[in-house]
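1. fold the stuff below for me.
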Amino acid sequence: MEALQSKTSWNLCCLVLLVSMIGCQQRYGEVSPTAYEYAKALYSIANRRDAGRLDLVESQLAVSIRENLLSAQEQAWLQQIVSASRQGNWTAATRDCRTMMEEQAILRRK
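-> Model (predicted):
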């Protein structure tokens with residue numbers, strides 16, 4: 001019986017450690033206020049599947065890139081979201097925007 005309790009405790013400990021490690025992983029790092037605003041706009045567009053507004057935000061994004069208002073990493077992340085939207089993968093685009101925005105809230109609480 002004692003061996004079973006010890007094994008159960010070990011398994012529980014491993015499970016807690018695994019869950020905490022997974023929960024701490026982030027896909028996006030901290031982003032600038034400009035990138036956050038683009039994520040909000042792209043979230044709305046993807047959620048509505050609004051290809052017309054996607055054109056407008058994409059052209060504004062291009063201006064921000066030319067003017068170096070976004071880091072290279074932010075550009076890549078936002079471009080991936082635009083690409084997913086262009087390919088009709090609206091669900092993935094919505095999910096990615098939401099993840100980016102949620103992670104900012106988590107990072108700001110720390």
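2. what about residue 88, neighbour count?
-> 11 (other C-beta atoms under 10 Å). In this view, the C-beta of every residue, glycine as well, is placed from N, C-alpha and C.
3. same question for residue 34.
-> 16.
4. what do you get for residue 28?
-> 18.
5. ramachandran coordinates for it?
-> The phi/psi pair for residue 28 (degrees, to the nearest 10) reads phi -120, psi 150.
6. same question, residue 69
-> Taking degrees, to the nearest 10 as the convention, residue 69 sits at phi -90, psi -10.
7. and for residue 105, the neighbour number?
-> Residue 105 has 8 nearby residues by other C-beta under 10 Å.
8. residues touching it, list them.
-> With contacts defined as C-beta atoms under 8 Å, 6 or more residues apart in numbering, residue 105 has no neighbours.
9. per-residue pLDDT of it, please?
-> Listed pLDDT for residue 105 reads 83.
10. check the offset of whatever helix or strand it lives in from the chain's centre.
-> Assigned by DSSP states H and E, residue 105 falls within helix 90-109. Here helix 90-109 is found 4 Å from its chain centre; the criterion is C-alpha atoms, centre = their mean, to the nearest Å.
11. extract the C-alpha set from it and format it as PDB.
-> These are the backbone C-alpha positions of helix 90-109, laid out as PDB (Å, rounded to 0.1, in the frame of the first residue of the first chain):
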ATOM      1  CA  TRP A  90     -10.000  32.700 -40.100                       C
ATOM      2  CA  THR A  91     -10.200  30.500 -37.100                       C
ATOM      3  CA  ALA A  92      -6.400  30.300 -36.700                       C
ATOM      4  CA  ALA A  93      -6.000  34.000 -37.300                       C
ATOM      5  CA  THR A  94      -8.600  34.700 -34.600                       C
ATOM      6  CA  ARG A  95      -7.000  32.300 -32.200                       C
ATOM      7  CA  ASP A  96      -3.500  33.800 -32.800                       C
ATOM      8  CA  CYS A  97      -4.700  37.300 -32.300                       C
ATOM      9  CA  ARG A  98      -6.500  36.300 -29.100                       C
ATOM     10  CA  THR A  99      -3.400  34.500 -27.800                       C
ATOM     11  CA  MET A 100      -1.200  37.500 -28.500                       C
ATOM     12  CA  MET A 101      -3.600  39.800 -26.700                       C
ATOM     13  CA  GLU A 102      -4.100  37.500 -23.700                       C
ATOM     14  CA  GLU A 103      -0.400  37.000 -23.300                       C
ATOM     15  CA  GLN A 104       0.000  40.800 -23.100                       C
ATOM     16  CA  ALA A 105      -2.400  40.900 -20.200                       C
ATOM     17  CA  ILE A 106      -0.500  38.100 -18.400                       C
ATOM     18  CA  LEU A 107       2.800  39.800 -19.000                       C
ATOM     19  CA  ARG A 108       1.500  43.200 -17.700                       C
ATOM     20  CA  ARG A 109       0.200  41.500 -14.500                       C
END
